[in-house]
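*Asks:* below is the sequence, then the predicted model.
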Amino acid sequence: MLNQLTISELTARLARREVSTRQAMQACLDQIQRVDGRVKAFLSYDAADALAQADAADRQITAGTDFKTQPLLGVPIAVKDVLAVKNQPLNCGSKILGKFISPYDATVIERLRAAGAIVFGRLNMDEFAMGSSTENSAFFTTLNPWDTSRIPGGSSGGSAAAVAADECLATLGSDTGGSIRQPAALCGCVGLKPTYGRVSRYGLVAFASSLDQIGPFTKNVHDAAMLLNVISGLDPRDSTSLPQPVPDYAAALDGSVKGLKLGLPKEYRIGGLDPDVKNAVDAAVKHLEKLGVELIDISLPHSDYAVATYYIIATAEASANLARFDGIRYGARVDGSDPVSLYSNTRGAGFGAEVKRRIILGTYVLSSGYYDAYYLRAQKVRTLIRQDFLKAFEQVDAIVSPTTPTAAFKVGEKSADPLQMYLSDIFTISCNLAGICGVSLRCGFTNSSPQLPIGLQLVGHPFGEATILKIAHAYEQTTDWLKRRPVLSA
Ligand code: GLN
């Protein structure tokens, strides 16, 4: 089935003219018809537009387009509902944007299109990317294709579930505190958060501007490298994007990991780690050692403060970023007798409980009298966390850990307790605070029934994507976890 292929498998077949893009796109649409009633990854999609894009790609292939200049030609890719795609709805998993239609393409979308991809569909997410389960979506909860009584992770839960259920070949998501790596781990796909500044955020609706990055969800590591090649690089429209050259990440996957030094942080040996997760990660680390990686014990002494620091900085930035949703400029409006009541009626009706909680927390930590005690102190701790990593990277090439403390949890299991939910991000959050890169990939399954995928996280130094992808690829190539598919999509 064409929807089950990886990007490089599909483009190889397209290049040999064995199959058409239309057939591949149709296979994805058929799969969505078949399984999305159970998975609920998509908020919406336009089948006619997707097929028209497929036909245009087929015409290009017939005319003899080179897959080197258009490496994603004919590849169906869906995106999280936080990225602007021209003439498509943009809701951020929220009611407050009403019937808003995006007037322009985000830079990553432009780049996908320039590489030949078919960009289609809006994927479900926690409202404004705040959450770890998609239960905070204002529309519905996405379910985990491996066990539909469980959540897919979040906030990019739709992006992870759509790839795991083979509803498309790859997706884009955003990661502010783990929102790519955590759902990738819980759904068993590859999810990459690039270094801060690697990928332009122009056209990404901001949650916490000093932490947000866009990245890919794919079926294997090679595909993640291919997508990163396409979306990376300086963009004059995002002043935080950086001019570092973009290496060919896919070409660097040569299997040679001998002599690379991998750090094992002692602070990550926490209580509360699920035994299945611990065993799978320990076995993966041993496997990497067999491949020639050198293991080194390291310390990241400020790790304990990461979750608290994140929830001050992220909420502070969110409270400022979300001020623009006022009922005047975008989307839905609930009228009032004067401007202030219009704002509060609109925001009261338009935002969900978690978004309101974050705005209130963020406004509080920025308020005069509390700013120094919370926000300023959090910024200082953030610097210490970044220094911990930079110091560790003087000794090691990458750092390994579980992506999440447990596999996918049940719908409703943590939604009543925000602190429990926040703790599911303990291994992913520091990477955003430090501005560095991380990837999650499948490294085993739980012993539960049905079995659930487990994620291994590799964290790299600033602009160290090539190194973590290389290690991830060597691991993936010498293990056979990818042979399994969720029963839904088999
Ligand atoms: N789960 C974290 C939060 O709720 C991270 C979200 C994200 O990365 N967008 O803030």
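*Replies:* Perfect, thanks for sending it.
*Asks:* low-confidence stretches in this protein?
*Replies:* The model of the chain has pLDDT under 70 over residues 489-490.
*Asks:* name the nearest residue to the most centrally placed residue in the chain, sequence neighbours excluded.
*Replies:* For the chain, the residue nearest the mean C-alpha position is Ile180 (2.1 Å; Cα atoms, centre = their mean). Excluding its sequence neighbours, the residue lying closest to Ile180 (Cβ to Cβ, 6 or more residues apart in numbering) is Gly191, at 4.2 Å. All C-beta atoms are positioned from the backbone trio N, CA, C, and that covers glycine.
*Asks:* got the contact list for that neighbour?
*Replies:* Residues near Gly191 by Cβ atoms under 8 Å, 6 or more residues apart in numbering: 156, 160, 173, 175, 180-181, 183-185, 215-217, 224, 439-440.
*Asks:* out of those residues, list just those in helices.
*Replies:* Taking DSSP state H, the ones among the contacts of Gly191 that sit in helices are 160, 181, 183-185, 224.
*Asks:* can you narrow these down to the ones near the ligand?
*Replies:* By Cβ under 6 Å from any ligand atom, no member of the ones in helices among the contacts of Gly191 lies near the ligand.
*Asks:* switch those over to a markdown table; also include neighbour count and distance to Leu143.
*Replies:* Compiled in a markdown table, those are given as follows (neighbours: other Cβ atoms under 10 Å; distance: Cβ to Cβ, whole Å):
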| residue | neighbour count | distance to Leu143 |
| --- | --- | --- |
| Ala160 | 36 | 11 |
| Arg181 | 35 | 20 |
| Pro183 | 39 | 12 |
| Ala184 | 38 | 16 |
| Ala185 | 33 | 16 |
| Ala224 | 30 | 24 |
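*Asks:* if we can go back for a sec, so how far is Arg377 from the residue nearest to the centre of the chain?
*Replies:* From Ile180 across to Arg377, the span is 28 Å (Cβ to Cβ, to the nearest Å).
*Asks:* any idea which residue of the chain is furthest from its center?
*Replies:* Ser337 (41.4 Å).
*Asks:* gap between that one and the ligand?
*Replies:* Relative to the ligand, Ser337 is positioned 35 Å away (criterion: Cβ to the nearest ligand atom, to the nearest Å).
*Asks:* the closest residue to Val439 other than its chain neighbours: neighbouring residues, count only.
*Replies:* Of all residues not flanking Val439 in the chain, Leu192 sits nearest, at 4.6 Å (Cβ to Cβ, 6+ apart). A count of neighbours around Leu192, defined by other Cβ atoms under 10 Å, yields 32.
*Asks:* element containing Leu192?
*Replies:* Leu192 belongs to strand 190-193 when elements are defined using DSSP states H and E.
*Asks:* likewise Thr406?
*Replies:* Of the helices and strands defined by DSSP H and E, none includes Thr406.
*Asks:* return the residues in contact with the residue in the stretch 351-490 of the chain positioned nearest to the ligand.
*Replies:* The ligand sits closest to Asp425 of the stretch 351-490 of the chain, with a gap of 4.8 Å, by Cβ to the nearest ligand atom. Residues near Asp425 by Cβ under 8 Å, 6+ apart: 132, 177-178, 182, 307, 310, 404.
*Asks:* among the residues you listed, which two are most distant?
*Replies:* By the measure Cβ to Cβ, Tyr310 and Thr404 form the most distant pair in these, at 15.3 Å.
*Asks:* what's near enough to touch the residue nearest to the centre of the chain?
*Replies:* 156, 159, 173-174, 191-193, 215-217, 440.
*Asks:* if we go to 6 Å?
*Replies:* Ile180 makes contact with 156, 173, 191, 193, 215 under the criterion Cβ atoms under 6 Å, 6 or more residues apart in numbering.
*Asks:* distance of it from the ligand?
*Replies:* Ile180 sits 7 Å away from the ligand, taking Cβ to the nearest ligand atom as the criterion.
*Asks:* how distant is stretch 6-25 from the center of its chain?
*Replies:* In terms of Cα atoms, centre = their mean, to the nearest Å, the centre of stretch 6-25 is found 25 Å from the chain centre.
*Asks:* now swap in stretch 215-232 and tell me
*Replies:* Counting by Cα atoms, centre = their mean, stretch 215-232 comes out at 11 Å from the chain centroid.
*Asks:* can I get it as CSV, trimmed to CA atoms?
*Replies:* In CSV, the C-alpha atoms belonging to stretch 215-232 read as follows (Å, rounded to 0.1, in the frame of the first residue of the first chain):
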residue,chain,number,x,y,z
GLY,A,215,10.1,20.0,12.9
PRO,A,216,9.2,16.8,11.1
PHE,A,217,7.4,13.6,12.0
THR,A,218,8.4,10.7,9.7
LYS,A,219,8.4,6.9,9.5
ASN,A,220,12.1,6.6,9.7
VAL,A,221,15.3,8.6,10.4
HIS,A,222,16.3,9.0,6.7
ASP,A,223,13.0,10.7,6.0
ALA,A,224,13.4,13.1,8.9
ALA,A,225,16.8,14.1,7.5
MET,A,226,15.3,14.6,4.1
LEU,A,227,12.6,16.9,5.5
LEU,A,228,15.1,18.8,7.6
ASN,A,229,17.2,19.4,4.5
VAL,A,230,14.2,21.1,2.9
ILE,A,231,12.8,23.2,5.8
SER,A,232,16.1,24.5,7.3
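*Asks:* which other residues reach that stretch?
*Replies:* 6-8, 71, 108, 111, 115, 159-160, 163, 170-171, 173, 175, 180, 184, 189-194, 198-199, 246, 249-250, 469, 472-473, 476.
*Asks:* show me what counts as buried in that stretch.
*Replies:* For stretch 215-232, a neighbour-count test (16 or more other Cβ atoms under 10 Å) marks 215-232 as buried.
*Asks:* just the buried ones out of the contacts of stretch 215-232, please.
*Replies:* 6-8, 71, 108, 111, 115, 159-160, 163, 170-171, 173, 175, 180, 184, 189-194, 198-199, 246, 249-250, 469, 472-473, 476.
*Asks:* got the phi and psi for the closest residue to the ligand within the stretch 251-400 of the chain?
*Replies:* At 5.5 Å from the ligand, Ala314 is the closest residue in the stretch 251-400 of the chain, using Cβ to the nearest ligand atom. Here the main-chain torsion angles of Ala314 (degrees, to the nearest 10) amount to phi -60, psi -40.
*Asks:* that one contacts Ala208, doesn't it?
*Replies:* Yes - under the criterion of Cβ atoms under 6 Å, Ala314 makes contact with Ala208 at 4.1 Å.
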